[in-house]
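> predicted model, plus sequence, below.
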Amino acid sequence: MQDLLSQLDLPIMIGLIVLVLVILVAVVLLARRARQAQTPPTSPPSVSEPIDYTSLPIEEEPTSMAQRFAGLSLAGKILVILVPILVLLGVLALVLTLLPGGDQAAVAPTPVPVTLRVRDAAVIRAEPPTIGVTIETTGLADGAVVTTELLEDGQPFAWMNPDQAQATVRNNRAELQIQRADGAPTPTEGRSYTVVARGPDGASSDPVELSVPPIAGLAEAFFEKTVAEAPTTPPPTPTSAPTPAPAATPTLAPTATPELPTGPVASVGNGGNVRRQPIVVANNVVAGINAGEEVQLLSRTPNGAWYRVRTVRDEIGWVSVTLLRIPPGVSVPVAPVVTVFVTGPVYERPDRASTELDRVNQGEVVELTRRTAAGDWYAIVNLRDVAGWAPADLLGIPPEVAAAVPVEE
């Protein structure tokens, strides 16, 4: 019965009880009318005949509930019996609805299956050698601890610092920056290096290949390679010949080192990854930041969800705003970076008849470099570093971003 009542809403049960009461009252009224219709009318006593009131029987007043019940009509007896029963059923239904029953309390909720997935794993820093790992989970509560492990050709490879190879889950996500452990073995080029994540109950993710981005110094730091110096060849012994007058040696001007961009300073609240483009995809991590560090804000996406920053190690890339503590009132320019609204082709020139170089996918992020005077075509660079032209109707371009993109001459 409890299962049946639990399937009904409380308003429905109350409505059913009220309906039954109305039906009972209607039955009583109809029964009373039927009984009155069958009783023949009594003729009034004749005025001429004297009435001896002392000879009439005296009806005693009932003194107990049983006598009162016995004096009721059939319909009244039915009503007296059913009304308390219906009231008890209504109270029982209300209690069973508001309070969990014993059987329900004993049944545990169906647990969400625990899964772990390594979203990306890459060498993000050369000094000290550091690997950045992003893990996505389901079925793990906030605060659960996940552990990462580096494998060489499928076998455990003790390269990671064990104190940094653990992280707590927040909103089904965990990010780690793991440095090389003291005395760790040296990786060997040509072997397969993968990263796996493990949960507190022993669940494990599929291995994901460790990416070593083609950035100067990353591969050398991870594989501990040294740049070989060119052998020094002693100059040949000069023969006795007339020494010519020394020619004037031109003085070379020093090569100017390009200055890195600067911007307002913000602090890092939570450590995380620095990405090449403002989107969370595989093989997009170029560096990392640590809690307590400072970064310089260079630009932002139109919606303010990502900031292009310069780290204390002069690494430049995109960081989620959730990792930063930006002082109020800070003004940062909007970057010419937009999201693709419609999947479509990328052409060699702003002409649909030209060669198709690649395609952009819905949700992908692209950087705008130039546009036509009419604003119907934009030169872009996508996540795969393919540069070409895309029709404007494929891209979501806010007016402030369109105005900042230079026109192709």
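Yep, that arrived.
> name the residues of the strand or helix carrying residue 147 that are buried.
Assigning secondary structure by DSSP states H and E places residue 147 in strand 145-152. By neighbour count, and taking 16 or more other C-beta atoms under 10 Å as the criterion, the buried residues in strand 145-152 are 146-152. Where C-beta positions appear, they are placed from N, C-alpha and C, glycine not excepted.
> ok, now stretch 297-305?
Counting neighbours by 16+ other C-beta under 10 Å, stretch 297-305 gives 297-302 as buried.
> what does that stretch contact?
With contacts defined as C-beta atoms under 8 Å, 6 or more residues apart in numbering, stretch 297-305 is touched by 261-266, 278, 306-310, 316, 320-321, 326, 330, 332-335, 337-338, 398, 400-401.
> please, a PyMOL command that selects the buried ones among these?
Selection of buried members from the contacts of stretch 297-305 for PyMOL, criterion 16+ other C-beta under 10 Å:
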select buried, resi 263+266+278+306+307+308+309+310+316+320+321+326+332+334+335+337+338+401
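> strands - which of the contacts of stretch 297-305 land there?
With DSSP state E as the criterion, strands contain 265-266, 306-310, 316, 320, 337-338 from among the contacts of stretch 297-305.
> of those, closest to residue 119?
Of all the ones in strands among the contacts of stretch 297-305, residue 320 has the smallest distance to residue 119: 13.2 Å, by C-beta to C-beta.
> number of residues surrounding residue 280?
Using other C-beta atoms under 10 Å, the number of residues around residue 280 comes to 15.
> so it makes contact with residue 119?
Yes - at 6.7 Å, residue 280 and residue 119 qualify as touching, with contact defined as C-beta atoms under 8 Å.
> list residues touching both of those two?
With contacts defined as C-beta under 8 Å, 6+ apart, the residues adjacent to both residue 280 and residue 119 are residue 134.
> domain ranges for the protein?
The chain breaks down into these domains under automatic domain parsing: 2-37+63-106, 115-222, 265-325, 337-404.
> quick revisit: paired strands for the strand holding residue 147, with orientation please.
On the basis of DSSP bridges, the sheet neighbours of strand 145-152 come out as strand 155-156 (antiparallel), strand 166-168 (antiparallel), strand 193-198 (antiparallel).
> following the longest one, which helix or strand comes up?
Downstream of strand 193-198, the next assigned helix or strand under DSSP H and E is strand 208-209.
> output the contacting helices and strands for that next one.
With contacts taken as 3 or more C-beta pairs under 8 Å, 6 or more residues apart in numbering; DSSP states H and E, strand 208-209 sits against strand 115-125, strand 193-198.
> do you know which of those strands lies nearest residue 270?
Among those, strand 115-125 comes nearest to residue 270, with 15.6 Å by C-beta to C-beta.
> same question for the closest one, mean pLDDT?
In this model, strand 115-125 has an average pLDDT of 87.
> for whatever helix or strand comes next after that strand, which strands pair with it and how are they oriented?
Next helix or strand after strand 115-125 toward the C-terminus (DSSP H and E): strand 130-138. Sheet pairing here is set by DSSP bridges, and for strand 130-138 it gives strand 115-125 (antiparallel), strand 173-179 (antiparallel).
> distance to residue 379 and mean neighbour count added to these, as JSON lines?
Listed next are the strands paired with strand 130-138 as JSON lines, based on distance: least, C-beta to C-beta, whole Å; neighbours: other C-beta atoms under 10 Å:
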{"stretch": "strand 115-125", "distance to residue 379": "28", "mean neighbour count": "22"}
{"stretch": "strand 173-179", "distance to residue 379": "33", "mean neighbour count": "21"}
